[in-house]
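Undergrad: Sequence first, predicted coordinates after that:
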Number of protein chains: 2
Amino acid sequence: MSKGKAAKQPRRANTRGYLMPIGGAEDKKDKKLVLQRFVALAGGPAANIVVLPTASGFAQEVGVIYDALLTHLGAKKPHVIHIKKRAQANDPDVIAPMQNASGIFMSGGDQVKLMSLIGGTALEAMLKARYEAGAVVAGTSAGASAISEHMIAFGRGGSAPSFRMVNLAAGLGLVKGVVIDQHFRERDRVGRLMTALTFNPALVGIGVDEDTAFIIGPDGQAEVIGSGSVTIVDGRGMDYTDVYYAKQHQPIAIFGMKVHILTAGCGYNLLTHSPRPHLLPAEESTVREAASDENT
Amino acid sequence: MSKGKAAKQPRRANTRGYLMPIGGAEDKKDKKLVLQRFVALAGGPAANIVVLPTASGFAQEVGVIYDALLTHLGAKKPHVIHIKKRAQANDPDVIAPMQNASGIFMSGGDQVKLMSLIGGTALEAMLKARYEAGAVVAGTSAGASAISEHMIAFGRGGSAPSFRMVNLAAGLGLVKGVVIDQHFRERDRVGRLMTALTFNPALVGIGVDEDTAFIIGPDGQAEVIGSGSVTIVDGRGMDYTDVYYAKQHQPIAIFGMKVHILTAGCGYNLLTHSPRPHLLPAEESTVREAASDENT
């Protein structure tokens, strides 16, 4: 089909699912708020969940852990797909459980390991198709990074940007125009995220703290849940950077970045790139009062 | 004199000096770029330098160190003023060397100790008068914080703002409308600086890295020197914060902060709050070429 024809077709209704980049170390002992939301978005007791522990160096153990956790949270026993070589990610028998997945959970570990094993395979294509058809795709830590189109592959911590502190690679590209980083405040990653944006200020950076998720809805409206915050670094208005003059680990100059810090309940519109406050206690009570006024 | 009368008087020419907030740990062994600039701005070999090691818990030793360093850099032997109790800061004999100071250097240590000992004393008044008359006032670490009007007294490290992570106090107020923080990248202080700005978004935050100085000229034009960078956090355009709902160490939401990262050679206009790029190698050579063109 030609591009022109595609453009003339009526825009399909939004059937795609939710994305849940998680900053790593999501609570697994107490309220399990983040994992609970994943199960709910996947369909609750009816959910067909696939766990991809591929990023992890301890994939077997990680698979067992999420199997137990998700089952405990009321989901059916998930399918854990183990990929140790690329051939497996193209093997119909291995990847079959993905076909009906309503929820896909990618573990932490090393996002380079994950993408180098599944990038360009039938498994990746199926994962994307399931997302387009309504499945929720969650990724924690490395799994969160992989959701980006331009993925932070690895880098160094530190709050000050420097030329060589970040390395990008191609991710799954489930969300365009943003770079997702994780363990954000805990590993002091604002420097590497800002550096990534200097390479192409068209991108917007999303730094997700541990035990925190940035839930992106099919309509491009995102919401923060969990105990930490999400830092948005908007480099689109960047007036100046000297990154193309910097060498090695020299600090780089950046003028005109916009920063938003979003806590649980705050929202973000990925189409307009504007943050939305959460309902504050007073506003909530005003809403409640207004609602009760209507009843009198 | 009434406020009205003062306002009608013609504005005096700029006779005030330079301010040099230094992020701490300035190089004392190698090129000593930052200290060298201080000596130069104070008048070089003719400088009358006063060292105030008051912030330090080892004031005696710190006094000896800066005495040796500044002398080594070509200054006359500096006067070290030791203040152990407030009465000394009001004693004309003790503070006499301040009367002719062309350069004043405040050491690191604890800015609360410094201000609680000299705040409101004759020594503080004399320091301000010398600055108004053209002396350069430098402060490293705690001494840099004290230059602010609204001074960060103490706080916690971490990149994510939280309600109780910063405590403000009244500083010297040599520069208005800004909050200066130090050891900025090394101690991960962007969270506490942002938090300080949520309390009153009229302020602009200036975070100075170690071995780095933000030199503020009499005309409000500032320049960065040293091996690190200076982070400007401009909260004036803040759209939203929920700081007044947060409790204890709860994370807080902040929307719409502007951030500039300035490296050595970059400038900043404190009147318009706009950053200025440094001359890049190419531009420098263009300038050189243009200059040599003029000679042909």
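TA: That came in fine, so what should we check first?

Undergrad: ok, A:V175 touching A:Y268?
TA: No. At 11.8 Å, A:V175 does not count as touching A:Y268 under the criterion of C-beta atoms under 8 Å. Any C-beta I mention is one placed from the backbone N, CA and C, and that applies to glycine too.

Undergrad: What about A:D67, how many residues nearby?
TA: 18 (other C-beta atoms under 10 Å in any protein chain shown).

Undergrad: Likewise for A:A47?
TA: Counted with other C-beta under 10 Å, A:A47 comes out at 22.

Undergrad: any idea how far it is from A:S56?
TA: 22 Å (C-beta to C-beta, to the nearest Å).

Undergrad: now A:P201
TA: Note on A:P201: its distance to A:S56, by C-beta to C-beta, is 33 Å.

Undergrad: The two: who's more crowded?
TA: More neighbours surround A:S56 than the other of A:P201 and A:S56, with 22 against 18 (other C-beta under 10 Å).

Undergrad: Using PDB, write out every CA atom in the lengthiest strand in chain A.
TA: The longest strand of chain A (DSSP state E) is strand A:254-263. The C-alpha coordinates for strand A:254-263 follow below in PDB (Å, rounded to 0.1, in the frame of the first residue of the first chain):
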ATOM      1  CA  ILE A 254      22.600  23.700  27.500                       C
ATOM      2  CA  PHE A 255      20.300  26.800  27.500                       C
ATOM      3  CA  GLY A 256      16.500  26.800  27.700                       C
ATOM      4  CA  MET A 257      15.400  23.400  28.800                       C
ATOM      5  CA  LYS A 258      12.000  23.100  30.400                       C
ATOM      6  CA  VAL A 259      11.600  20.800  33.400                       C
ATOM      7  CA  HIS A 260       8.500  19.400  35.000                       C
ATOM      8  CA  ILE A 261       8.400  17.200  38.000                       C
ATOM      9  CA  LEU A 262       5.300  15.100  38.200                       C
ATOM     10  CA  THR A 263       4.200  13.200  41.300                       C
END
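
Undergrad: Give the other helices and strands that it contacts.
TA: Identification of packing neighbours for strand A:254-263 by 3 or more C-beta pairs under 8 Å, 6 or more residues apart in numbering or on different chains; DSSP states H and E yields helix A:190-199, strand A:229-234, strand A:240-241, strand B:254-263.

Undergrad: Out of the ones you listed, flag the one nearest A:E223.
TA: With C-beta to C-beta, the closest approach to A:E223 among the helices and strands packed on strand A:254-263 belongs to strand A:229-234: 9.6 Å.

Undergrad: List the neighbouring strands of the closest one plus their orientation.
TA: strand A:204-208 (antiparallel), strand A:254-263 (antiparallel) (DSSP bridges).

Undergrad: Give me the angle between the first one and helix A:190-199.
TA: Here strand A:204-208 runs at an angle of 160 degrees relative to helix A:190-199 (axes from the mean of the first three to the mean of the last three C-alpha atoms, to 10 degrees).

Undergrad: contacting residues around strand A:204-208?
TA: A:21-23, A:144, A:177-182, A:184-185, A:189-190, A:193-194, A:196-197, A:214, A:228, A:230-236, A:273 (C-beta atoms under 8 Å, 6 or more residues apart in numbering or on different chains).

Undergrad: Mark which of the residues you listed are buried, thanks.
TA: A:21-23, A:144, A:178-182, A:184-185, A:189-190, A:193-194, A:196-197, A:214, A:228, A:230-235, A:273 (16 or more other C-beta atoms under 10 Å in any protein chain shown).

Undergrad: in the stretch 101-250 of chain A, which spans are strands?
TA: Remark: strands assigned in the stretch 101-250 of chain A by DSSP state E, counting those that start in this stretch are A:103-106, A:136-140, A:150-155, A:166-170, A:178-182, A:204-208, A:212-216, A:221-226, A:229-234, A:240-241.

Undergrad: Whether the shortest one contacts chain B - can you check?
TA: Yes. Applying C-beta under 8 Å from any C-beta of the partner chain, one finds strand A:240-241 touching chain B at A:Y240.

Undergrad: avg pLDDT for that strand?
TA: Regarding strand A:240-241, the rounded mean pLDDT is 92.

Undergrad: which secondary structure elements does it contact?
TA: Under the contact criterion of 3+ C-beta pairs under 8 Å, 6+ apart, strand A:240-241 touches strand A:254-263.

Undergrad: how about 10 Å then?
TA: Under the contact definition 3 or more C-beta pairs under 10 Å, 6 or more residues apart in numbering or on different chains; DSSP states H and E, strand A:240-241 sits against helix A:190-199, strand A:254-263, strand B:254-263.

Undergrad: Next: the third one.
TA: For strand A:150-155, the contact count by 3+ C-beta pairs under 10 Å, 6+ apart identifies helix A:111-118, helix A:142-147, strand A:166-170, strand A:178-182, helix A:190-199 as packing neighbours.

Undergrad: Just the CA trace of the second one, in PDB.
TA: Taking C-alpha atoms only, helix A:142-147 is exported to PDB below (Å, rounded to 0.1, in the frame of the first residue of the first chain):
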ATOM      1  CA  ALA A 142      15.700  -2.000  31.300                       C
ATOM      2  CA  GLY A 143      12.200  -2.900  30.000                       C
ATOM      3  CA  ALA A 144      11.100   0.700  30.400                       C
ATOM      4  CA  SER A 145      14.000   2.000  28.400                       C
ATOM      5  CA  ALA A 146      13.300  -0.400  25.600                       C
ATOM      6  CA  ILE A 147       9.800   1.100  25.100                       C
END
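
Undergrad: can you tell if that helix touches chain B?
TA: No. Helix A:142-147 stays out of contact with chain B when judged by C-beta under 10 Å from any C-beta of the partner chain, the minimum separation being 17.0 Å.

Undergrad: and that helix, which residues are buried?
TA: Neighbour-count burial for helix A:142-147 flags A:A142, A:G143, A:A144, A:S145, A:A146, A:I147 (criterion: 16+ other C-beta under 10 Å).

Undergrad: same thing with the first one?
TA: The neighbour-count criterion (16+ other C-beta under 10 Å) identifies A:Q111, A:V112, A:K113, A:L114, A:M115, A:L117, A:I118 as the buried residues of helix A:111-118.
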